[in-house]
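Student: Using only what follows, build the 3D model:
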Amino acid sequence: MTKEERLQMQREKLAHMRVREDQLRAEGYKYIAGVDEVGRGPLAGPVVTAAVVLPEDFDVLGIDDSKKLSEKKREELFDIIMERAVAVGIGMADEKTIDEINILQATKVAMRKAVEDCDAKLRKKMAEAGESGSIDYVLFDAMKIDEIEKPQESIIKGDANILAIAAASIVAKVTRDRMMVEYDDQYPGYAFAKNKGYGTKAHYEGLHAQGICPIHRRSFLKNL
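Tutor: I've put the predicted structure just below:
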């Protein structure tokens with residue numbers, strides 16, 4: 001594939017991912033948040049969510065489901081998203097919350113926090129500009145949260161088909177990966193910097209040698 005062919009594919013992908021948001025803007029919705037999570041499957045660390053409101057003219061090529069991107073590409077796009085987004089919110093639920101209420105409910109808690117954080121930052125930004133505005137529609141990746149009293153939509157494979165959700169997946173992934181690298185320094189021996197808390201061979205070897213550390217999800221490790 002030539003460079004031009006690759007660019008053309010990315011342009012077509014971008015156009016496809018903008019469709020739903022453009023439809024909502026045509027219906028009168030101005031601030032549309034895309035929300036996604038990272039970290040439902042690991043044995044350690046928090047589940048991290050992000051809510052992202054992109055400007056209408058956001059035209060960056062290469063945005064996609066974070067799982068489809070290299071670490072280098074995610075880091076590059078993360079910086080662009082953080083710089084150009086109208087607002088970005090982060091939400092988390094730690095291992096204790098996951099153990100107490102289960103991973104699905106903890107993910108919903110974290111998503112609600114991300115939307116609230118994003119909305120607060122958007123309101124502040126608008127107020128500083130002498131305007132008013134808040135999130136008026138939320139697009140979730142395969143999730144609905146009744147506690148969020150805003151119009152919302154659950155989209156299967158939203159991280160691969162909706163621009164704002166894909167951007168949120170990148171922000172959440174980079175945020176969580178950086179946390180797990182820091183945890184590797186704090187709790188060495190589990191290879192957190194490499195496996196990000198997932199159940200790799202090195203991770204299990206660390207568990208058998210050292211036991212469970214404070215950021216492990218005990219409900220995921222009942223057989224140890």
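
Student: Need the three-state assignment for Gln105.
Tutor: Following DSSP: H, G, I helix; E, B strand; the rest coil, the label given to Gln105 is helix.

Student: So what sits opposite Val52 in the bridge?
Tutor: Gly34, Val88 (DSSP bridges).

Student: Tell me, how many residues neighbour the residue lying closest to Val109 once chain neighbours are set aside?
Tutor: Computed as C-beta to C-beta, 6 or more residues apart in numbering, the closest residue to Val109 that is not its neighbour in sequence is Ala93, at 5.0 Å. Placement of C-beta: from N, CA and C, glycine included. By the criterion of other C-beta atoms under 10 Å, Ala93 has 25 neighbours.

Student: Ok, Glu21 next?
Tutor: Glu21 has 21 neighbouring residues, counting by other C-beta under 10 Å.

Student: pretty sure it contacts Ile165?
Tutor: No. In this structure, Glu21 is not within contact of Ile165 by C-beta atoms under 8 Å, at 9.6 Å.

Student: Common neighbours of the two, please.
Tutor: Counting by C-beta atoms under 8 Å, 6 or more residues apart in numbering, the residues touching both Glu21 and Ile165 are Leu139.

Student: For Arg40, give its distance to Met126.
Tutor: According to C-beta to C-beta, to the nearest Å, Arg40 and Met126 sit 33 Å apart.

Student: which of these two has more neighbours?
Tutor: Legend: neighbour count by other C-beta under 10 Å for Arg40 and Met126, higher for Met126 (16 against 11).

Student: and that one, what pLDDT?
Tutor: pLDDT recorded at Met126 is 95.

Student: Next: Val115.
Tutor: Reported pLDDT for Val115: 98.

Student: ok, the nearest residue to it once chain neighbours are set aside - contacts?
Tutor: Excluding the flanking residues, the one nearest Val115 by C-beta to C-beta, 6+ apart is Ala51, at 4.8 Å. Contacts for Ala51 were tallied using C-beta under 8 Å, 6+ apart; they are 33-35, 88-89, 91, 111, 114-115, 117-119, 135, 138, 168.

Student: hey, what's His216 bridged with?
Tutor: Under the criterion used (DSSP bridges), His216 bridges to Ala44.

Student: residues near it, how many?
Tutor: There are 22 residues near His216, going by other C-beta under 10 Å.

Student: Now do the same contact list for it.
Tutor: Counting by C-beta under 8 Å, 6+ apart, His216 makes contact with 43-44, 95, 207.

Student: Now do it against Lys72, distance only.
Tutor: Distance of His216 to Lys72, given as C-beta to C-beta: 29 Å.

Student: How about Ala50?
Tutor: 19 Å.

Student: What are the boundaries of the strands in the protein?
Tutor: Counting by DSSP state E, the chain has strands at residues 32-38, 47-53, 87-93, 137-141, 152-155.

Student: list the buried ones in the last one?
Tutor: By that I understand strand 152-155. Of all the residues in strand 152-155, those buried under the rule 16 or more other C-beta atoms under 10 Å are 152, 155.

Student: list the helices and strands it packs on?
Tutor: Under the contact criterion of 3 or more C-beta pairs under 8 Å, 6 or more residues apart in numbering; DSSP states H and E, strand 152-155 touches strand 137-141.
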